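Participant: Sequence and predicted model, in that order:
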Amino acid sequence: MIVSVTMNPSVDISYPLSTLVLDDINRCDKVRKTAGGKGLNVTRVIHQMEAEVISTGLLGGVLGEFIRENLSSEGIKHDFSNIQGDTRNCIAILHDNYQQTEILEAGPTISTEELTSFEETFLTLATSSDVATLSGSLPKGVSKDYYSRLLSLLSNTDIKVILDTSGESLKSALESPVKPYAIKPNSDELQALLGEEVSTDYTNLSDILSHSLFDGVPLIMVSLGKDGAFAKFDESFYRVEIPSIPVKNPVGSGDSTVAGLAIGLSKRKSIEDVLKYAMTLGMLNAMEDTTGCVDKTKFDDLFNQVNVYKL
């Protein structure tokens, strides 16, 4: 089983408008409200691929109940810890030829007692799982090194942890004694971490991923958009080439890629197939209008068009 963690979930509200008019009234007759957050996108895609997954994290208030009901209506297993604060809204206004303006609430402040309760739930779920995914930002009241705390809770287990975060949260986890099994940075996040620019032809990625900051992390997958991906597994490097696809909505493709990594690892696939699972689901998400959504019927055909080369 895969356990997917979302520490700062949200109700994602999408307002499609032909034109956004500032300092005036904008009326919208088509509104979409869904359980959101990077980890919930991961959960949804794993579920759509009919792999066993359970979602956990922190939820509170009326919006927290909405997320529980939304997940239950989709048949997705979940076991979230309760908090006193209200779960946040995140608003996306889609306007003027595919422009997107976002308003992201910070969310509630989490207490020490609430974190302790969550950790008990997380440890129970994780110890009966093969893979854990930790995705997204941390809420207020939670220290930047909290993902390191979750990694330490699993230090005596064989669970493979995929960490998909950025900034200080990622750096702290990479500097901690207990490392994640896999990370999935993009080129901008690598540059922010190391202060080294990724070359436009990606020829220096081998050197960048050999940096001592990544010591002890078995799998690093760098997403390169339409150019596929570059990966380091143990001491070997891989180039992943993908076919050209019709892109409708690339938002959430990174989360879908994490879902692919999780499924491939839980199935104990070869590293080549793990990378192909990841890229296939990332592409399938980009081919759909809805964020964190894939069409399973198209998986096999696209999977067979992904090529992985050991360098």
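Facilitator: Received, thanks.

Participant: CA only for contacts and neighbour counts going forward, please
Facilitator: Noted.

Participant: What is the burial count for residue 18?
Facilitator: 11 (other C-alpha atoms under 10 Å).

Participant: immediately after the helix or strand containing residue 40, which helix or strand?
Facilitator: Assigned by DSSP states H and E, residue 40 falls within helix 38-48. Under the assignment DSSP H and E, the closest C-terminal helix or strand after helix 38-48 is strand 53-59.

Participant: returning to what we had before: give me the contacts around the helix holding residue 40.
Facilitator: Residues outside helix 38-48 that contact it (C-alpha atoms under 8 Å, 6 or more residues apart in numbering): 4-6, 9, 52-55, 76, 133-136, 252, 255-256, 258-260, 263, 291-296.

Participant: Can you select the buried ones from those residues in PyMOL?
Facilitator: Typed into PyMOL, the line below selects the buried ones among these, using 16 or more other C-alpha atoms under 10 Å:
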select buried, resi 4+5+6+9+52+53+54+55+76+133+134+135+136+252+255+256+258+259+260+263+291+292+293+294
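
Participant: Can you tell me the SS state at the most centrally placed residue in the chain?
Facilitator: Taking C-alpha atoms, centre = their mean, the centroid of the chain lies closest to residue 255, which sits 3.5 Å from it. Residue 255 falls in the helix class when you classify it by DSSP: H, G, I helix; E, B strand; the rest coil.

Participant: Next one: the nearest residue in space to it that is not next to it in sequence from residue 241, what distance?
Facilitator: The spatially closest residue to residue 255, leaving aside those adjacent along the chain, is residue 42, at 5.2 Å (C-alpha to C-alpha, 6 or more residues apart in numbering). Separation of residue 42 from residue 241 (C-alpha to C-alpha, to the nearest Å) stands at 22 Å.

Participant: With residue 166 instead?
Facilitator: 25 Å.

Participant: could you pull out the helices for this structure?
Facilitator: Assigned helices in the chain, in chain order: 38-48, 61-73, 112-126, 146-153, 167-175, 187-194, 205-209, 253-266, 271-286, 299-303 (criterion: DSSP state H).

Participant: Which one of the ones you listed has the poorest average confidence?
Facilitator: Here the helices of the chain differ in mean pLDDT, and the lowest is helix 187-194 at a mean of 87.

Participant: List of residues touching it?
Facilitator: For helix 187-194, with C-alpha under 8 Å, 6+ apart as the criterion, the contacting residues are 166-167, 171, 196-198, 222-224.

Participant: Kindly report the same for stretch 132-139.
Facilitator: Stretch 132-139 is contacted from outside by 2-8, 37-39, 106-110, 126, 144, 147, 159-166, 258, 262, using C-alpha under 8 Å, 6+ apart.

Participant: Send me that stretch as CSV with only the CA atoms.
Facilitator: What follows is stretch 132-139 as a C-alpha-only set of coordinates in CSV (Å, rounded to 0.1, in the frame of the first residue of the first chain):
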residue,chain,number,x,y,z
ALA,A,132,5.1,6.9,1.6
THR,A,133,4.8,10.2,-0.3
LEU,A,134,5.3,13.5,1.5
SER,A,135,4.2,16.4,-0.7
GLY,A,136,3.9,20.2,-0.6
SER,A,137,4.2,23.1,1.8
LEU,A,138,4.0,23.0,5.5
PRO,A,139,1.3,24.9,7.4
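
Participant: average pLDDT across it?
Facilitator: So the average pLDDT for stretch 132-139 ends up being 94.

Participant: chain center to it: distance?
Facilitator: The chain centre lies 7 Å from the centre of stretch 132-139; the measure is C-alpha atoms, centre = their mean, to the nearest Å.

Participant: What count of nearby residues applies to residue 219?
Facilitator: Residues lying near residue 219 (other C-alpha under 10 Å) number 22.
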